[in-house]
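Q: Below: sequence and its predicted model.
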Amino acid sequence: MRLSRSKNAKRNIIVGEIDKVTGIILPFIVRTMILHVMGTKYLGLTSLFYSILQMLNLMEMGFGTAIVYSMYKPIADSDTETVNALLYFYKKIYLVVGTIVALIGVLLIPFLPYLIKDKVPSDINLYFLYLIYLINTCINFFVFPNKKALLAAFQRDDIGAGIHIFTQIVMYIGQAVFIWFVRDYYLYAVMMPVTSVLYSLLVAYRVSKKFPMYRASGKLDEEKVRHIKIQVTGLMIRKLAMLSRNAFDSMFISAYLGLHMTTLYSNYYYILDSVVMVMAVLKTSLAGGVGNSIAMDDEKKNLHDLKNIDFMFMWIGGWCSICLLCLYEPFMKIWVGNKMMLGTTIALMFAVYFYVLKMSDIRTLYSESVGLWWQARYISIFEALTNIVLNWILIKEMGLYGIILATLISYFVFNFLGGAYILFKHYFKSGGLRQYILSHFLYMFITACLGGLTYFICSMIKQDGFLGLILKGLLCVAVPNALYFLLYFKTQKFKDGMRYIKK
């Protein structure tokens with residue numbers, strides 16, 4: 001079965017972007033309410049709990065991603081029996097993993113005070129609040145997790161995104177009411193597991209109607225199970241590297257610099273992550289189509305697609321980085337005020353942080369579609385260890401600067417350079433690695449030059465407040481994109497990329 005890749009990608013992007021914008025604006029409003037009504041320490045606790053639970057999610061070990069990857073081939077072959085067996089295997093594994101996560105989560109309760117440098121708010125029971133967050137995490141393992149995987153494999157993320165938009169609106173409206181009018185942080189937290197259950201039930205119902213032929217039943221052959229186990233091991237290691245970039249960062253900041261500084265850092269990271277989420281829709285919308293293309297098309301065609309998609313993606317990623325560079329400080333000044341700002345250098349580092357993260361996105365998409373997690377296991381281990389060690393060393397000498405610098409070094413060396421080497425060694429064997437890396441250095445140089453020029457032009461606007469932010473925003477839209485166009489419009493990559501977008 002050949003999927004309608006362009007149609008599905010377009011549909012996923014439209015609904016997915018609405019989902020992400022909703023998921024940025026509404027929590028931003030709620031986060032602002034918490035800052036002004038309850039204080040920074042409450043958000044510091046939220047950031048800490050998310051970090052701990054991200055570590056517990058490592059127990060999932062990437063089974064979901066491995067199962068979705070394993071579905072690409074049987075879906076392309078219209079092999080319903082194998083898809084059903086994969087769904088049943090997924091269900092059983094998640095029941096076991098969810099139980100383990102719950103048990104380890106409970107065992108961590110006595111150690112929570114040691115992860116916080118200063119005192120928690122007097123009206124908060126640290127352990128009870130943590131249990132609410134833990135329950136919310138476990139719901140994802142117990143309530144129809146395999147149904148969500150089917151949507152990803154068929155490149156129909158738009159269905160889940162539509163349901164997610166509805167449940168997000170319910171959750172954030174409820175949280176806003178409980179924070180602003182009731183001023184009860186426990187009720188704010190309880191809204192998360194309630195809406196998580198609602199989302200999972202609605203997705204399960206919709207998937208059962210859309211794909212009635214697929215039910216969790218049957219048994220996988222031993223060779224398929226063995227292959228999944230290998231992929232899962234590689235994925236688990238990959239997830240550890242990902243956790244070291246955010247979860248461990250927040251834990252180091254909480255332990256060494258306190259909850260207040262954790263909140264200030266998380267405010268800046270929240271803005272970066274919001275832009276990451278918007279761009280992630282572009283990536284995830286293409287995932288099912290790329291997987292289907294890997295299963296049905298040759299290496300040469302897929303390499304051509306990789307270069308075209310990567311070129312357009314880095315144009316967008318570079319533009320977003322320039323926007324972050326120019327708009328971080330004026331936006332933070334309006335949002336949280338001067339007392340909660342971290343300075344221009346931190347804003348610059350976050351803009352670079354974002355760009356470096358985006359450099360590997362499309363390469364990662366192809367690596368995951370090919371299933372190269374096991375082959376990249378050593379690179380992932382080195383990335384995680386390097387980031388943790390550098391966090392420990394640099395936070396003592398440089399504070400927050402050291403945390404961001406540690407991530408930049410470990411991610412660029414191991415994820416970007418190392419990950420590209422693995423993809424071209426094991427899939428694009430005809431070559432092209434050197435050209436791929438050099439093209440990214442060229443994109444980086446051009447973006448840096450355009451970013452410096454745009455920042456200089458924006459700095460001439462002395463107007464503060466919303467008007468100043470809007471004027472600088474308009475410049476960030478016009479200046480870099482006009483210059484990108486002048487530099488690229490005659491290139492073959494631009495012409496191929498535009499054809500791809502139109503299609």
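A: Now that the structure is in, tell me what you want to look at. Numbers count the residues shown, from 1 in each chain.

Q: CA only for contacts and neighbour counts going forward, please
A: Noted.

Q: Flag the shaky bits of the stretch 201-350 of the chain, pLDDT-wise.
A: Across the stretch 201-350 of the chain, the ranges flagged by pLDDT under 70 are 232, 235-236, 239-247, 287-288.

Q: same thing but at 90, please
A: 203-271, 273-310, 312-313, 334-344 (pLDDT under 90).

Q: Same check on the stretch 51-200 of the chain?
A: Looking at the stretch 51-200 of the chain by pLDDT under 90, you get 51-98, 100-101, 104-105, 108-130, 133, 137-162, 164, 179-186, 188, 200.

Q: all helices in it, in order from the N-terminus.
A: 63-76, 80-107, 126-142, 145-153, 157-177, 185-210 (DSSP state H, counting those that start in this stretch).

Q: Pipe those helices into CSV and attach distance to Ser439 and mean neighbour count per row.
A: Formatted as CSV, those follow (distance: least, C-alpha to C-alpha, whole Å; neighbours: other C-alpha atoms under 10 Å):
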stretch, distance to Ser439, mean neighbour count
helix 63-76, 28, 22
helix 80-107, 39, 18
helix 126-142, 40, 19
helix 145-153, 30, 22
helix 157-177, 31, 20
helix 185-210, 41, 17
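
Q: To Trp392, which of those helices lies closest?
A: helix 80-107 (24.4 Å; C-alpha to C-alpha).

Q: Let me know the secondary structure of Lys219.
A: Here Lys219 is coil, with the state taken from DSSP: H, G, I helix; E, B strand; the rest coil.

Q: for it, what are its contacts?
A: 85-86, 88-89 (C-alpha atoms under 8 Å, 6 or more residues apart in numbering).

Q: Mind jotting down where the strands sit in the stretch 301-450 of the chain?
A: For the stretch 301-450 of the chain, no strands are identified by DSSP state E, counting those that start in this stretch.

Q: Can you show me the helices along it?
A: According to DSSP H, counting those that start in this stretch, the helices that the stretch 301-450 of the chain contains are 344-359, 361-370, 377-398, 400-410, 419-426, 433-459.

Q: now the angle from the third one to helix 400-410?
A: With axes from the mean of the first three to the mean of the last three C-alpha atoms, to 10 degrees defining the directions, helix 377-398 sits at 160 degrees from helix 400-410.

Q: Just the CA coordinates for helix 377-398, please, in PDB.
A: Extracted C-alpha coordinates of helix 377-398, given in PDB (Å, rounded to 0.1, in the frame of the first residue of the first chain):
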ATOM      1  CA  ARG A 377      24.300   3.300  20.100                       C
ATOM      2  CA  TYR A 378      27.900   4.300  20.900                       C
ATOM      3  CA  ILE A 379      27.500   7.800  19.600                       C
ATOM      4  CA  SER A 380      24.400   8.200  21.800                       C
ATOM      5  CA  ILE A 381      26.300   6.900  24.800                       C
ATOM      6  CA  PHE A 382      29.100   9.300  24.300                       C
ATOM      7  CA  GLU A 383      26.700  12.300  23.700                       C
ATOM      8  CA  ALA A 384      24.900  11.600  27.000                       C
ATOM      9  CA  LEU A 385      28.100  11.000  29.100                       C
ATOM     10  CA  THR A 386      29.800  14.100  27.600                       C
ATOM     11  CA  ASN A 387      26.800  16.300  28.300                       C
ATOM     12  CA  ILE A 388      26.500  15.100  31.900                       C
ATOM     13  CA  VAL A 389      30.200  15.500  32.600                       C
ATOM     14  CA  LEU A 390      30.400  18.900  31.000                       C
ATOM     15  CA  ASN A 391      27.200  20.000  33.000                       C
ATOM     16  CA  TRP A 392      28.900  19.000  36.200                       C
ATOM     17  CA  ILE A 393      32.200  20.700  35.300                       C
ATOM     18  CA  LEU A 394      30.900  23.900  33.600                       C
ATOM     19  CA  ILE A 395      28.000  24.800  35.900                       C
ATOM     20  CA  LYS A 396      30.500  25.300  38.700                       C
ATOM     21  CA  GLU A 397      32.600  27.600  36.600                       C
ATOM     22  CA  MET A 398      30.000  29.300  34.300                       C
END
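
Q: Buried residues, that helix. List them.
A: 377-384, 386-388, 390-392, 394-395 (16 or more other C-alpha atoms under 10 Å).

Q: Between the residues you listed, which sits nearest Phe354?
A: Asn387 (16.4 Å).

Q: The closest one contacts Leu405, correct?
A: No. Asn387 is beyond contact range of Leu405, at 9.2 Å (criterion: C-alpha atoms under 8 Å).

Q: Make TSV from the helices of the stretch 301-450 of the chain and add distance to Gln168 to it.
A: Converted to TSV, the helices of the stretch 301-450 of the chain look like this (distance: least, C-alpha to C-alpha, whole Å):
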stretch	distance to Gln168
helix 344-359	25
helix 361-370	26
helix 377-398	32
helix 400-410	30
helix 419-426	34
helix 433-459	34
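
Q: so which of these gets nearest Ile228?
A: That would be helix 361-370 among these, by C-alpha to C-alpha, at 13.1 Å.

Q: Check the model's average confidence along the closest one for me.
A: Averaging pLDDT along helix 361-370 yields 86.

Q: That helix packs against which elements?
A: With contacts taken as 3 or more C-alpha pairs under 8 Å, 6 or more residues apart in numbering; DSSP states H and E, helix 361-370 sits against helix 63-76, helix 259-296, helix 299-335, helix 419-426.

Q: Mind putting these into JSON lines with distance to Pro212?
A: As requested, the helices and strands packed on helix 361-370 are exported to JSON lines (distance: least, C-alpha to C-alpha, whole Å):
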{"stretch": "helix 63-76", "distance to Pro212": "14"}
{"stretch": "helix 259-296", "distance to Pro212": "20"}
{"stretch": "helix 299-335", "distance to Pro212": "32"}
{"stretch": "helix 419-426", "distance to Pro212": "36"}
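
Q: Between the ones you listed, which one is closest to Met460.
A: Nearest to Met460, of those and by C-alpha to C-alpha, is helix 299-335 at 11.6 Å.

Q: Next, the angle helix 361-370 makes with that closest one.
A: Going by the same axes, to 10 degrees, helix 299-335 makes 130 degrees with helix 361-370.

Q: What are the buried residues along helix 299-335?
A: With the criterion 16+ other C-alpha under 10 Å, helix 299-335 contains buried residues 302-303, 305-315, 317-332.

Q: could you say what helices and strands it packs with?
A: Partner elements for helix 299-335 (3+ C-alpha pairs under 8 Å, 6+ apart): helix 259-296, helix 344-359, helix 361-370, helix 433-459, helix 465-488, helix 492-502.

Q: 7 Å instead, please
A: helix 344-359, helix 433-459, helix 465-488, helix 492-502 (3 or more C-alpha pairs under 7 Å, 6 or more residues apart in numbering; DSSP states H and E).
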